[in-house]
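Trainee: Below are the sequence and a predicted model; questions follow.
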Amino acid sequence: MRREADSKPDLAADIDAARGRTIAFLRSLQAPDAPAGVLRISPFHSARDWPGVLLPGTYNGVMCLDLVGGLDGAADAGRQDLVDWMEAHRLADGRFRIPGMVDGDIFKKPDAAETWRYIDWHVTNYSLGAIEALAPGRRPNLAFIEPWLEPLTLKAWLADRDLRDPWQEGNNIVNLAGFLLLLRRVGDAEAAARVRAALEILFAWHDRLREPTTGFWGVGQLSDPTRMLHAFAGSMHNFHIWYHERRQLEGQDRAIDYCLSRPPRIDSACIDVDLVDVLVHGWRLIDHRRHEIEAWLTAMLGALLAFQNADGGFCDVRTGVRRQDGWVKGYEEPQGLSNTFATWFRWIAIAMIADVLWPGRWNWRFRRMIGIGYRCADWHRKS
């Protein structure tokens, strides 16, 4: 049996080979009669029967290609055509929406407005991320976020967050915070001041409700393992606000301890990237169990690379049915198939691990917006 240090060079070569196969897989998903770069979400997906699913197929695929360098050499005119195609899915106030989603076919919460907000914000976050990868200077329309700049509106919205479902609420909060931070980046001085005030409200809300023994948010997380898992999965989204704003994250050592208690083996695309995200940021930002983190990440990298499908893509899990988040009566396909969502998520995990084990060897392009795919830009390891 090879020692861990001896196996790492082989894993680096495996990354190079896996990267080439994935780029070929993503390019094979080009939708017929569509601008270059418009992608089906999987080989199973019929663009004729489910044209709306081309939007998530494309934003996931674009961000994966950007991460691994697969957009290099794309012509400016082709990038512009693809951006124009994506922006055709944008509503007047700046939200992006998947065509074909209608009331009655979607569910995240009993309140229909909350359901639409969750789905729209999720789709908008990823659509804006893909557009930024293609056209970094493109100015977003963020009119829809204006109400959350009012302190009373933001506080009322936060009071309605249901921490019995911290995973869902973690997505809501990181999406909102991501839009606020983007507005601060592209807006004027007045907008920046209002965003600063909103962020202070967000930080204060989190500080009041954090479970001190775990560092996570969520009701009942100490009562059973599933609730703890969901609290972790939701909280790692919230952590991105601290990373982005360079604030010390209370309980980060305890979050690392939880992640190291999980075996380094394949679970789902979401859980796997969440574990890697917490451990990689923890390894970089604080001095806590670094050697154990490195060993865990090395083992997980091997598991991730071994999980790649023969076609070059990755699946979420091997069995069951996969649906677009919130579209409970919409598009579905068998689990186990390679798809752009899982392929992107798994490459985020691979790239984050690779940059710990072989710093600077690859020019990974992580997202600038917080949320899945973001990595703290101030990437100097603390001594």
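Mentor: The structure has been received and is ready for your questions.
Trainee: With only the CA atoms kept, save stretch 201-211 in PDB.
Mentor: Output of stretch 201-211 as PDB, limited to C-alpha atoms (Å, rounded to 0.1, in the frame of the first residue of the first chain):
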ATOM      1  CA  ILE A 201     -28.000  43.700  10.500                       C
ATOM      2  CA  LEU A 202     -27.200  40.300   9.000                       C
ATOM      3  CA  PHE A 203     -24.200  39.800  11.200                       C
ATOM      4  CA  ALA A 204     -26.100  40.800  14.300                       C
ATOM      5  CA  TRP A 205     -28.900  38.400  13.500                       C
ATOM      6  CA  HIS A 206     -26.400  35.500  13.000                       C
ATOM      7  CA  ASP A 207     -24.600  36.400  16.300                       C
ATOM      8  CA  ARG A 208     -27.800  36.200  18.300                       C
ATOM      9  CA  LEU A 209     -28.900  32.800  16.900                       C
ATOM     10  CA  ARG A 210     -25.700  30.800  16.500                       C
ATOM     11  CA  GLU A 211     -25.500  27.600  18.500                       C
END
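Trainee: Please enumerate residues in contact with that stretch?
Mentor: The contact list for stretch 201-211 (C-beta atoms under 8 Å, 6 or more residues apart in numbering) reads 151, 154-155, 158, 163, 173, 176-177, 216-218, 221-222, 231, 238, 241, 247, 250-251. Every C-beta, even on glycine, is put in place using the N, C-alpha and C of the backbone.
Trainee: one more time with 6 Å
Mentor: The contact list for stretch 201-211 (C-beta atoms under 6 Å, 6 or more residues apart in numbering) reads 154, 158, 217, 221.
Trainee: Which elements pack onto the helix or strand containing the first one?
Mentor: Remark: Leu154 resides in helix 151-159, with elements defined by DSSP states H and E. Where contact means 3 or more C-beta pairs under 6 Å, 6 or more residues apart in numbering; DSSP states H and E, helix 151-159 is packed against helix 189-209.
Trainee: Pull out the buried residues from the helix or strand where Met352 lies.
Mentor: Remark: Met352 resides in helix 340-357, with elements defined by DSSP H and E. For helix 340-357, the neighbour count (16 or more other C-beta atoms under 10 Å) marks 340-356 as buried.
Trainee: one step back: how far does the helix holding Leu154 sit from its chain's centre?
Mentor: In terms of C-alpha atoms, centre = their mean, to the nearest Å, the gap separating the centre of helix 151-159 from the centre of its chain is 25 Å.
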